[in-house]
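K.L.:
only the shape, not the letters, is given here:
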């Protein structure tokens, strides 16, 4: 895991969970990979082990990670597909309406924004 700056607006265990999810989505953690141990993460980030355990438990509850008794936590086989689907749904329900509202508020043309030949188009 890489250095983290914890934000004040959200519980640390949720931020840690999101960090692990990002690592899965970016391919840094692949199905079958072991997550760093609770003790290792707690020591590295100077966190209470209970905080790390809570983040990991939520990943287990969500079906992204499985506990293998006595050997650790591992990314499940379907985690990436499930994560991408969950993130797409969340984006479309929570973020996209705000983006679309901002586009309309600024009087931008959605078609022009998506046209690669326009000055604002996707690259």
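P.N.:
That came through fine. Keep in mind that what you see is a predicted model, and the values were worked out from it rather than measured.
K.L.:
do a quick rundown of the strands in this protein.
P.N.:
Under the criterion DSSP state E, the chain contains strands at 65-68, 72-75.
K.L.:
from residue 87, how far out is residue 56?
P.N.:
Residue 56 sits at a distance of 19 Å from residue 87 (criterion: Cβ to Cβ, to the nearest Å). All C-beta atoms are positioned from the backbone trio N, CA, C, and that covers glycine.
K.L.:
higher neighbour count, those two?
P.N.:
Neighbour totals were compared for residue 56 and residue 87, and residue 56 leads with 24 against 14 (other Cβ atoms under 10 Å).
K.L.:
for the more buried one, give me its contacts.
P.N.:
Going by Cβ atoms under 8 Å, 6 or more residues apart in numbering, residue 56 touches 20, 35, 38, 65, 73.
K.L.:
that one and residue 42, how far apart?
P.N.:
Distance of residue 56 to residue 42, given as Cβ to Cβ: 11 Å.
K.L.:
also residue 27?
P.N.:
25 Å.
K.L.:
residue ranges for the helices of this protein, please.
P.N.:
Taking DSSP state H to define them, one finds helices in the chain at 12-25, 38-45, 49-61, 79-90, 96-105, 110-114.
K.L.:
okay, the ones you listed in a markdown table with distance to residue 69 and mean pLDDT next?
P.N.:
What follows is these, written out as a markdown table (distance: least, Cβ to Cβ, whole Å; pLDDT from 0 to 100):
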| stretch | distance to residue 69 | mean pLDDT |
| --- | --- | --- |
| helix 12-25 | 20 | 93 |
| helix 38-45 | 14 | 94 |
| helix 49-61 | 12 | 96 |
| helix 79-90 | 19 | 89 |
| helix 96-105 | 41 | 92 |
| helix 110-114 | 50 | 82 |
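K.L.:
do you know which of those helices lies nearest residue 6?
P.N.:
Nearest of the helices of the chain to residue 6, taken as Cβ to Cβ: helix 12-25 at 5.4 Å.
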